[in-house]
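J.: Got a predicted model here, sequence first, then my questions.
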Amino acid sequence: MAAELRRGSMYVDQDPEAFSNGGVRKNLDDDGRPKRTGTWVTASAHIITAVIGSGVLSLAWAMAQLGWIAGFAVLMAFSFITYFTSTLLADCYRAPDPVTGRRNYTYMDTVRAHLGGRRVQLCGLAQYSNLVGITIGYTITASISMVAVKRSNCFHRHGHNVKCHTSNNPFMIIFACIQILLSQIPNFHKLSWLSILAAIMSFSYSSIGLGLSIAKVAGGGNQVRTSLTGVTVGVDVSPTEKVWRTFQAIGDIAFAYAYSTVLVEIQDTLKSSPPENKIMRWASGIGVSTTTVFYVLCGCLGYAAFGNDAPGNFLTGFGFYEPFWLIDLANVCIAIHLIGAYQVFGQPLFQFVESKCSEKWPENKFITREHAIEVPFIGVYYMNFFRLVWRTAYVIMTAVVAMLFPFFNDFLGLIGAASFWPLTVYFPIEMHIAQTKMQKYSFTWTWLKVLSWACLIVSLVAAAGSVEGLVQSLKAYKPFQSQG
């Protein structure tokens, strides 16, 4: 029989053992919450799950738009900027001192502690709207990969010239049903196993794509066209298309490195010794460097394999048809990875809404009461009716929006452009300046500001390219119908 428990916080799944024997504090951290157990391994898994995602699939297309020189340079630039600003953000987890200061549990809390004022609301708007966009994007991408398995088998049986039209919508519904179940995982602290599994999947499909690209290059056959400057004006695209596609490609690459939206939440899972900022810098270095190696290999070899005709998603755009079973395996790995990645990006949003509602209506039992349920082979699971209803409604909403707007490349670019500057660059730099009390107009202050403004310009042009791409896609799109 379910027992009802009233717990003090919905944000953290309280461990009853931590309060047994008169409230022994050896099981609690310095903030009174259950002891965190995360390490550089789990943090690296979270980062790799968040970073090596669907973005890797569009890198061959992005390289085709930019060419060998600009494509490689943009990849490396975003890699360096992401790692550098992530180290700044890691030092802001505690305030005012990065080692002994008070903990901040969310990105918004971090901005509130260091900057305050209206920028807290701006941060919340940027972060949580970005998280919504990412979960919608992952719903689209997962369904595309599921459809690709069915179409791959169809092409294998009936030949490559058959259209094999398949609707994405049933697969979005399947993905949503899985997310409804997994979204009941109470918080980020319980996601380590899912992130490790997802990280393994991301390595698997990236490696398969890499291997297929190498085989295609080594096999020769049809000659592909590549160039130092990418697609050729007058041959592949018009001058206007070249400009817009270049902007969109920059946005795709920006999205491929994005994880700052969940960095603070990942850091909040780490145990306090060694200091969290030190471990987070180490985990960020592992995550970003591993990602960069994969991205350069997948982007460059994918471009070498397909040239200027590289598809927007090189595993589901059917640049490869055979061996069909290997294509199927890669797409299954993508779907499994995105199941985990959806939760990594969804949990901060879930917890934000739940904590705010719990604070506003602390006496509402529907919102605050937990029901302990014995689950065979797992133990006690604490079910909350508000969590069940709210998270289910959110997953359904993202699935419906994904069905309405299934535009992969344009959506990726817009998300990357919208989130890159404020969350990856602006707030980490501003908080670092405030935390270190940096002198205005000093050399370091000046070049940090120049970096911030340069990244703002990049974000604006990338957003413009993505919006233009969405407009073109909308002209020919009919909602809820198969796109072939």
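T.: Noted; the coordinates are in hand.

J.: in its sheet, what does the longest strand along the chain sit against?
T.: Longest strand in the chain by number of residues, with DSSP state E as the criterion: strand 369-375. If you go by DSSP bridges, strand 369-375 pairs up with strand 3-6 (antiparallel), strand 379-383 (antiparallel).

J.: weakest of these in terms of mean pLDDT?
T.: With a mean of 38, strand 3-6 has the lowest mean pLDDT of these.

J.: Kindly tell me how buried residue 396 is, as a neighbour count.
T.: By the criterion of other Cβ atoms under 10 Å, residue 396 has 15 neighbours. (C-beta placed from N, C-alpha, C; glycine too.)

J.: quick one: it and residue 180, what's the gap?
T.: 8 Å (Cβ to Cβ, to the nearest Å).

J.: can you count the residues close to the residue nearest to residue 38 when sequence neighbours are not counted?
T.: Using Cβ to Cβ, 6 or more residues apart in numbering and skipping residues adjacent in sequence, the residue nearest residue 38 is residue 269, 3.7 Å away. Residue 269 is flanked by 21 other residues according to other Cβ under 10 Å.

J.: repeat for residue 292
T.: Counted with other Cβ under 10 Å, residue 292 comes out at 19.

J.: Sketch out the low-pLDDT regions of the chain for me.
T.: Applying pLDDT under 70 to the chain flags residues 1-26, 53-55, 188-189, 220-222, 316-321, 408-410, 412-413, 478-484.

J.: Counting by contacts, list what the longest helix anywhere in it packs against.
T.: The longest helix of the chain (DSSP state H) is helix 118-158. Using 3 or more Cβ pairs under 8 Å, 6 or more residues apart in numbering; DSSP states H and E, the elements in contact with helix 118-158 are helix 107-114, helix 169-182, helix 324-360, helix 385-404, helix 408-419, helix 427-435.

J.: Could you pull out the buried residues of the third one?
T.: Within helix 324-360, the residues that count as buried by 16 or more other Cβ atoms under 10 Å are 324, 327-328, 330-355, 357-358.

J.: how much space between the closest residue in space to residue 169 that isn't next to it in sequence and residue 164?
T.: Nearest-residue entry for residue 169: residue 403, 5.2 Å, with adjacent residues in sequence omitted and distances by Cβ to Cβ, 6+ apart. Distance from residue 403 to residue 164, counting by Cβ to Cβ: 20 Å.

J.: re earlier: now for the helices and strands packed on helix 118-158, which one comes closest to residue 459?
T.: Nearest to residue 459 among those is helix 408-419 (4.9 Å), distances taken as Cβ to Cβ.

J.: so which strand or helix has the spatially most central residue of the chain?
T.: The chain has residue 50 as the residue nearest its centroid, 4.2 Å off, counting by Cα atoms, centre = their mean. Residue 50 is part of helix 40-51, with elements assigned from DSSP states H and E.

J.: still on that earlier bit, for the residue nearest to residue 38, give me phi and psi.
T.: Phi and psi for residue 269, reported as degrees, to the nearest 10, are phi -90, psi -10.

J.: so it makes contact with residue 44?
T.: No: using Cβ atoms under 8 Å, residue 269 is not in contact with residue 44, being 11.9 Å away.

J.: And for the residue nearest to residue 169, the neighbour number?
T.: Residue 403, neighbours per other Cβ under 10 Å, totals 20.

J.: Would you mind measuring from it to residue 364?
T.: For residue 403, the distance to residue 364 equals 33 Å [Cβ to Cβ].

J.: now swap in residue 311 and tell me
T.: As for residue 311, its distance to residue 364 is 50 Å (criterion: Cβ to Cβ).

J.: Comparing these two, which residue is more hemmed in?
T.: The neighbour count for residue 311 versus residue 364, taken as other Cβ under 10 Å, is higher for residue 311 (19 against 12).

J.: and the more buried one, helix, strand or coil?
T.: coil (DSSP: H, G, I helix; E, B strand; the rest coil).

J.: hang on, it packs against residue 61?
T.: Yes: applying Cβ under 8 Å as the test, residue 311 and residue 61 come out as touching, 6.5 Å apart.

J.: Run the angle between the longest strand of the chain and helix 385-404 for me.
T.: 80 degrees (axes from the mean of the first three to the mean of the last three Cα atoms, to 10 degrees).

J.: ok, and for strand 369-375, which residues are buried?
T.: Buried residues in strand 369-375, defined by neighbour count with 16+ other Cβ under 10 Å: 369, 370, 372.

J.: Tabulate these (JSON lines), appending distance to residue 379.
T.: JSON lines is the format used below for these (distance: Cβ to Cβ, whole Å):
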{"residue": "369", "distance to residue 379": "20"}
{"residue": "370", "distance to residue 379": "14"}
{"residue": "372", "distance to residue 379": "10"}
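
J.: Show me which of those residues is closest to residue 472.
T.: Closest approach between the buried residues of strand 369-375 and residue 472, by Cβ to Cβ: residue 370, at 48.9 Å.

J.: What's the separation between that closest one and residue 417?
T.: Per Cβ to Cβ, residue 370 is found 40 Å from residue 417.

J.: Equivalent analysis for residue 211, please.
T.: Applying Cβ to Cβ to residue 211 and residue 417 gives a distance of 31 Å.

J.: These two: who's more crowded?
T.: Using other Cβ under 10 Å as the criterion, residue 211 and residue 417 rank with residue 417 on top: 26 against 13.

J.: Isn't the more buried one up against residue 468?
T.: No: using Cβ under 8 Å, residue 417 and residue 468 do not qualify as a contacting pair, with a distance of 11.8 Å.

J.: Now do the SS call for residue 185.
T.: Using three-state DSSP, the structure places residue 185 in coil.

J.: residues touching it, list them.
T.: The contact partners of residue 185, by Cβ atoms under 8 Å, 6 or more residues apart in numbering, come to 191, 194, 343, 347.

J.: same deal with residue 153?
T.: Residue 153 touches 324, 328, counting by Cβ under 8 Å, 6+ apart.

J.: how close does it sit to residue 327?
T.: Counting by Cβ to Cβ, the gap from residue 153 to residue 327 is 9 Å.

J.: Ok, residue 281 next?
T.: Plainly put, residue 281 is 38 Å away from residue 327 if you go by Cβ to Cβ.

J.: got it, and residue 449?
T.: For residue 449, the distance to residue 327 - Cβ to Cβ - is 47 Å.

J.: how many neighbours does residue 36 have?
T.: 18.

J.: before we move on, what SS does it have?
T.: At residue 36 the chain is in coil, as set by three-state DSSP.

J.: when you give positions from now on, start the count at 407
T.: I'll keep to 407 as the first residue from here, and by that count the last item is residue 442.

J.: Setting the sequence-adjacent residues aside, check what's closest to it.
T.: Among residues not flanking residue 442 along the chain, residue 677 sits closest, at 5.0 Å (Cβ to Cβ, 6+ apart).

J.: and the one you found, backbone torsions?
T.: According to degrees, to the nearest 10, residue 677 has phi -70, psi 160.

J.: my guess is it contacts residue 445, does it?
T.: Yes: using Cβ under 8 Å, residue 677 makes contact with residue 445 at a distance of 7.0 Å.

J.: buried ones in stretch 496-511?
T.: For stretch 496-511, burial by neighbour count (16+ other Cβ under 10 Å) applies to 496, 497, 498, 499, 500, 501, 504, 509, 510, 511.

J.: ok, now how distant is the first one from residue 446?
T.: I take that to be residue 496. Distance of residue 496 to residue 446, given as Cβ to Cβ: 12 Å.
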